[in-house]
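In: after the sequence you'll find the predicted model.
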Amino acid sequence: MKKRHPTGLIVIVLILLLAGCELSPQSKPLIVVNESDADITEVNIIEYIAGARRIYPNALTEGDSIAPGARRTFYLAPYSYANLNDSVGRVKLRIGEISIEFSFDFIVENHNERIIATYDGSGFTLTGSNVTPFIPQ
């Protein structure tokens, strides 16, 4: 008796899986660039999720740092913006005593644009994903 290999079925399942991947939400890259004169040893990220918050006390592992001139990529959770109106997310980023809270667009011109936060020791410069800093009132 011949063994039958379900090659056609496997191909169909793989095609469906690959097609479904495109519909899945993607994480938002948040790149922290250190343009200060000192190592960054603590990066706090707070993601606002439909009123609740996801808090990372220190996104760097113990003993890890971002050297001057270096950069590190962190990934914001896909659901941090999936539940909000107009696909807008909100994040608070803190390094040492300096913090900034901002909103961003998940999709910009049909692309998942990265967010770049450049830290100079006294503040942040934000670019990408239509970031808009919140001004304290």
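Out: Yep, that arrived.

In: in stretch 92-100, what's buried?
Out: Within stretch 92-100, the residues that count as buried by 16 or more other C-beta atoms under 10 Å are 92-93, 95, 100. C-betas here are computed from N, CA, C, even on glycine.

In: surely residue 74 and residue 33 touch.
Out: No. Using C-beta atoms under 8 Å, residue 74 is not in contact with residue 33, being 11.9 Å away.

In: before we move on, back to that, could the buried residues of stretch 92-100 be laid out in a markdown table, adding pLDDT and distance to residue 109?
Out: Shown next, in a markdown table, are the buried residues of stretch 92-100 (pLDDT from 0 to 100; distance: C-beta to C-beta, whole Å):
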| residue | pLDDT | distance to residue 109 |
| --- | --- | --- |
| 92 | 90 | 26 |
| 93 | 93 | 24 |
| 95 | 95 | 30 |
| 100 | 94 | 24 |
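
In: okay if I get those residues as CSV plus distance to residue 13?
Out: Below are these laid out as CSV (distance: C-beta to C-beta, whole Å):
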residue, distance to residue 13
92, 42
93, 41
95, 45
100, 45
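
In: which of these sits closest to residue 119?
Out: Relative to residue 119, the closest of the buried residues of stretch 92-100 is residue 95; by C-beta to C-beta it sits at 5.4 Å.
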